[in-house]
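Asks: Okay, predicted coordinates and the sequence, questions at the end:
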Amino acid sequence: GEDVEQSLFLSVREGDSSVINCTYTDSSSTYLYWYKQEPGAGLQLLTYIFSNMDMKQDQRLTVLLNKKDKHLSLRIADTQTGDSAIYFCAEMTGATNKLIFGTGTLLAVQP
Amino acid sequence: DVKVTQSSRYLVKRTGEKVFLECVQDMDHENMFWYRQDPGLGLRLIYFSYDVKMKEKGDIPEGYSVSREKKERFSLILESASTNQTSMYLCASSGANYGYTFGSGTRLTVV
């Protein structure tokens, strides 16, 4: 079945770059997504990438997709304390058009 | 912007009570979803619906039911609440391939 994996925790210093990694198993994924969840809130869509792209940049966010290795990453440049949150990777499966989520990575930004 | 509204942010219910969690979206989306979120387990799909009066079981439907009488409203029902249903419940809707839009979540505590 489909599976999406992420590391659970990442700590960085303010001003540094953060890189959050994700691996998935479904080779028929059509879209891949990054969501951000701040404490006590729902999930907010940050960005997405279509499966035939290998990179997408949006201001401080860069998404890299290695389809051969089924590896997705989110790079946040100049990380700020307001970026502290849980980040979820998700894939839309080709078979069912449902989103499969990873377990989330808690990003802690140290001042 | 799509808005998904969950009726309660926090709920405390007693074991054995029947609990209704309500979700309303305002963008005429066909697809609606209920997830629960638990630490270390990520998001798990309970039920989803692709159309009015239509429902499909997700990965963990036991102990839950749903109702979708109108396109904009998707209700999650706990027939007889138990302490292991204490969790954060997230509703989402989608209409295209741009991922899901989530509500703010309902934190349910069953005592």
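Replies: Happy to help now that I have it. Bear in mind the structure is a predicted one, so any value in this text is a computation, not a measurement.

Asks: could you measure residue A:52 against residue A:32, distance?
Replies: Residue A:52 sits at a distance of 11 Å from residue A:32 (criterion: C-beta to C-beta, to the nearest Å). In short, each C-beta sits where N, CA and C put it, glycine included.

Asks: Give the helix, strand or coil label for the residue most central in space within chain B.
Replies: For chain B, residue B:34 is the residue whose C-alpha lies nearest the centre (C-alpha atoms, centre = their mean; 3.1 Å). Under DSSP: H, G, I helix; E, B strand; the rest coil, residue B:34 falls in the strand class.

Asks: and it, what is it in contact with?
Replies: Applying C-beta atoms under 8 Å, 6 or more residues apart in numbering or on different chains to residue B:34 gives the contacts B:21, B:23, B:45-48, B:58, B:64, B:66, B:74, B:76, B:89-91.

Asks: Among these, find me the one that's closest to chain A.
Replies: Relative to chain A, the closest of the contacts of residue B:34 is residue B:90; by C-beta to the nearest C-beta it sits at 5.7 Å.

Asks: Flag the shaky bits of chain A, pLDDT-wise.
Replies: Filtered on pLDDT under 70, chain A yields the residue ranges A:1-2, A:94-97.

Asks: Intersect the contacts of residue B:34 with the contacts of chain A.
Replies: The subset of the contacts of residue B:34 within reach of chain A, by C-beta under 8 Å from any C-beta of the partner chain, is B:45, B:48, B:90.

Asks: Could you pull up the residues touching the second one?
Replies: With contact set as C-beta under 8 Å, 6+ apart, residue B:48 has these partners: A:98, B:31, B:32, B:33, B:34, B:55, B:56, B:58.

Asks: Weed out the non-buried ones from these.
Replies: Buried by 16 or more other C-beta atoms under 10 Å in any protein chain shown: A:98, B:31, B:32, B:33, B:34, B:55, B:58, out of these.

Asks: Quick check: the two most widely separated of these?
Replies: Within the buried ones among the contacts of residue B:48, A:98 and B:55 form the most distant pair, 13.9 Å apart (C-beta to C-beta).

Asks: And stretch A:74-92, what's buried?
Replies: A:74-76, A:79, A:83-92.

Asks: do stretch A:61-77 as well
Replies: Neighbour counts over stretch A:61-77 (16+ other C-beta under 10 Å) mark A:61, A:62, A:63, A:64, A:65, A:70, A:72, A:73, A:74, A:75, A:76 as buried.
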